[in-house]
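**Student:** this is a predicted model, with the sequence first.
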Amino acid sequence: MKIAMFTNTYVPHVGGVAGSVQQLTEDCRALGHQVLVVAPEFPGMPEREDDVIRMPAIQNFNGSDFSVSFPAPIQLRERLQEFDPDIIHTHHPYLLGDTALRISAGLNTPIVFTFHTMYEKYTHYVPADSPLLKRFVIQLSTRYVNLCNHVIAPSESVKGVLSERNATTPISVIPTGVRYDRFSNGDGSAIRREAGIPPGRDAFVVGHVGRLAPEKNLDFLARGIAEFLDRTPDAHFLVAGEGPSLETMKLVFRERGQADRVHFLGVCKDQRLVNVYHAMDIFAFTSQSETQGMVLAEAMAAGVPVVALDGPGVRDIVTHRANGLLLTESDTESFAASLEEVAGFSPEQYGKWQQAADRTAREYSARNSARKALKLYQQVKTQEPVSPKYDGDDTWNQLLRSVRREWDIWENRLSAGVDSISESEDDSQQ
């Protein structure tokens with residue numbers, strides 16, 4: 001099968017979507033299928049890449065670590081027509097997501113969309129951020145869902161959210177897989193020595209891995225950890241990642257006089273990342289913009305339980321008082337108290353949580369997730385594409401499909417704007 005992947009984030013960008021697209025691509029190829037990836041340019045990207053088309057892009061949009069790609073050149077359409085995909089899989093509802101819709105229409109190829117992100121949590125990157133903009137983003141992403149043949153939700157909770165938002169396109173739940181065999185074997189002692197953290201039970205290590213950005217609720221995380229460190233003199237905090245929230249987090253710990261017990265390691269990859277997980281005793285997570293939270297499954301594959309705020313995707317992985325704590329109260333005192341509770345566990349109690357975390361991680365096999373996606377591709381391939389069909393497949397008919405899809409894209413944007421304004425007016429009258 002030939003699969004064209006369209007994504008706004010890809011290696012070397014570090015993030016959940018970039019990692020999941022890379023992982024799915026590698027697994028599909030390993031299972032004997034052809035995959036062509038369309039992604040923006042990023043600093044530090046490989047000089048030579050097989051079956052990857054890089055689009056010119058504006059780097060570090062509005063202070064973020066994202067790239068914003070330019071409109072697709074005619075060469076991209078020609079390359080896709082030559083590749084002749086059986087399925088198009090888009091991973092974003094905007095930028096290259098719109099390009100994916102256009103290519104799908106021109107080739108009359110079915111399109112699948114994975115709803116990776118709660119997009120309304122990211123509007124702070126736009127200067128005009130407001131409640132109205134958040135409503136617009138929700139409407140826009142939902143209407144994009146309805147322009148696709150099929151949607152993949154990474155978790156049952158996200159499927160529920162889409163249903164509540166009146167998504168009409170068929171939805172299948174396929175979790176993004178984790179490479180259990182990779183994350184289950186690591187040397188945490190090496191990371192502890194490097195960071196100057198005492199070994200074993202001489203220090204309790206709270207850890208976090210991810211992109212350090214405002215939508216991850218990291219100010220709350222830093223304040224909750226700082227409160228915990230005040231209560232627990234032998235505790236340390238270990239962070240792997242970079243991003244615009246790094247200095248904000250560091251400031252919290254400097255003001256509390258805790259900088260010597262907080263260790264920022266920067267971006268960690270490959271075996272070093274695995275070792276970072278194994279250096280932890282508990283994984284702390286406060287983001288509520290996730291649809292699954294792959295770092296949670298990675299931490300559990302390393303045998304590390306989780307303390308997390310409840311949210312879509314998170315509740316599908318964290319089972320309260322089994323493989324971690326799932327907190328419904330969003331205050332730093334409760335968060336710190338939960339970390340303190342786990343730090344006080346007996347070895348036997350902690351061991352039970354580790355075993356439960358390991359069992360959860362085994363359920364998220366990357367290869368199994370790829371097989372489920374391939375099965376879905378095959379099913380969708382046999383169905384009618386969203387674009388209207390015309391007799392024959394000449395240039396004129398391709399143009400008709402493209403014009404119709406361009407109308408759909410603009411209607412999507414206009415209708416989303418109208419609906420968000422109507423909701424705002426209704427709220428103001430109540």
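**Tutor:** Received the coordinates, thanks.
**Student:** from now on I want contacts and neighbour counts done on CA atoms only, so please keep to that.
**Tutor:** OK.
**Student:** wait, Tyr377 sits on Ile111?
**Tutor:** No. Contact status for Tyr377 versus Ile111: not in contact, 9.0 Å apart, counting by Cα atoms under 8 Å.
**Student:** so what's in contact with those two at the same time?
**Tutor:** Residues touching both Tyr377 and Ile111 (Cα atoms under 8 Å, 6 or more residues apart in numbering): Ile87.
**Student:** next, give phi and psi for Phe264.
**Tutor:** Phi and psi for Phe264, reported as degrees, to the nearest 10, are phi -100, psi 120.
**Student:** beta partners of it?
**Tutor:** As for beta bridges, Phe264 partners with Val239 under DSSP bridges.
**Student:** my read: it touches Glu247, true?
**Tutor:** No. Using Cα under 8 Å, Phe264 is not in contact with Glu247; the gap is 10.6 Å.
**Student:** Tyr377 and Ile111: which has the busier surroundings?
**Tutor:** Ile111 (28 against 22; other Cα atoms under 10 Å).
**Student:** against Arg165, how distant is that one?
**Tutor:** For Ile111, the distance to Arg165 equals 20 Å [Cα to Cα, to the nearest Å].
**Student:** element containing Gln192, please.
**Tutor:** Quick fix: residue 192 reads Arg, not Gln. helix 188-195 (DSSP states H and E).
**Student:** could you do His208 as well?
**Tutor:** If you go by DSSP H and E, His208 is part of strand 204-209.
**Student:** give me the residues contacting that strand.
**Tutor:** Residues outside strand 204-209 that contact it (Cα under 8 Å, 6+ apart): 234-241, 277, 279-285, 295, 343.
**Student:** what are the ranges of the strands in the stretch 101-250 of the chain?
**Tutor:** Ranges of strands in the stretch 101-250 of the chain, per DSSP state E, counting those that start in this stretch, are 111-114, 150-153, 171-173, 204-209, 235-240.
**Student:** now those as JSON lines including distance to Ile74 and mean pLDDT?
**Tutor:** Shown next, in JSON lines, are the strands of the stretch 101-250 of the chain (distance: least, Cα to Cα, whole Å; pLDDT from 0 to 100):
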{"stretch": "strand 111-114", "distance to Ile74": "20", "mean pLDDT": "96"}
{"stretch": "strand 150-153", "distance to Ile74": "27", "mean pLDDT": "96"}
{"stretch": "strand 171-173", "distance to Ile74": "32", "mean pLDDT": "97"}
{"stretch": "strand 204-209", "distance to Ile74": "39", "mean pLDDT": "98"}
{"stretch": "strand 235-240", "distance to Ile74": "40", "mean pLDDT": "98"}
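**Student:** Ala222: which of those strands is closest?
**Tutor:** Across those, Ala222 has its closest neighbour in strand 235-240 (9.5 Å, Cα to Cα).
**Student:** chain center to that closest one: distance?
**Tutor:** Chain-centre distance of strand 235-240: 22 Å, with Cα atoms, centre = their mean, to the nearest Å.
**Student:** under the pLDDT cut-off, which ranges of the chain? List them.
**Tutor:** Across the chain, residues meeting the criterion (pLDDT under 70) sit at 57-73, 119-130, 384-430.
**Student:** what domains does the record give for it?
**Tutor:** As given by automatic domain parsing, the domain ranges for the chain are 2-177+366-429, 185-362.
**Student:** let me know which of those domains is tucked in deepest.
**Tutor:** Highest mean neighbour count among the domains of the chain (mean count of other Cα atoms under 10 Å): domain 185-362, with a mean of 20.
**Student:** that one: how far from the chain's middle?
**Tutor:** Per Cα atoms, centre = their mean, the centroid offset for domain 185-362 relative to its chain is 18 Å.
**Student:** still on that earlier bit, need the strands of the stretch 101-250 of the chain in a markdown table (columns: distance to Met1).
**Tutor:** Shown next, in a markdown table, are these (distance: least, Cα to Cα, whole Å):
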| stretch | distance to Met1 |
| --- | --- |
| strand 111-114 | 14 |
| strand 150-153 | 17 |
| strand 171-173 | 20 |
| strand 204-209 | 35 |
| strand 235-240 | 37 |
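**Student:** can you show me the CA trace of stretch 75-88 as CSV?
**Tutor:** What follows is stretch 75-88, C-alpha atoms only, in CSV (Å, rounded to 0.1, in the frame of the first residue of the first chain):
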residue,chain,number,x,y,z
GLN,A,75,6.0,20.4,-7.9
LEU,A,76,4.4,18.9,-4.8
ARG,A,77,1.3,18.0,-6.7
GLU,A,78,3.4,16.5,-9.5
ARG,A,79,5.4,14.4,-7.0
LEU,A,80,2.2,13.2,-5.3
GLN,A,81,0.6,12.4,-8.6
GLU,A,82,3.7,10.4,-9.5
PHE,A,83,3.7,8.6,-6.1
ASP,A,84,-0.1,7.8,-6.7
PRO,A,85,-1.0,7.1,-3.0
ASP,A,86,-3.7,4.7,-2.0
ILE,A,87,-4.5,6.8,1.1
ILE,A,88,-3.6,10.2,2.4
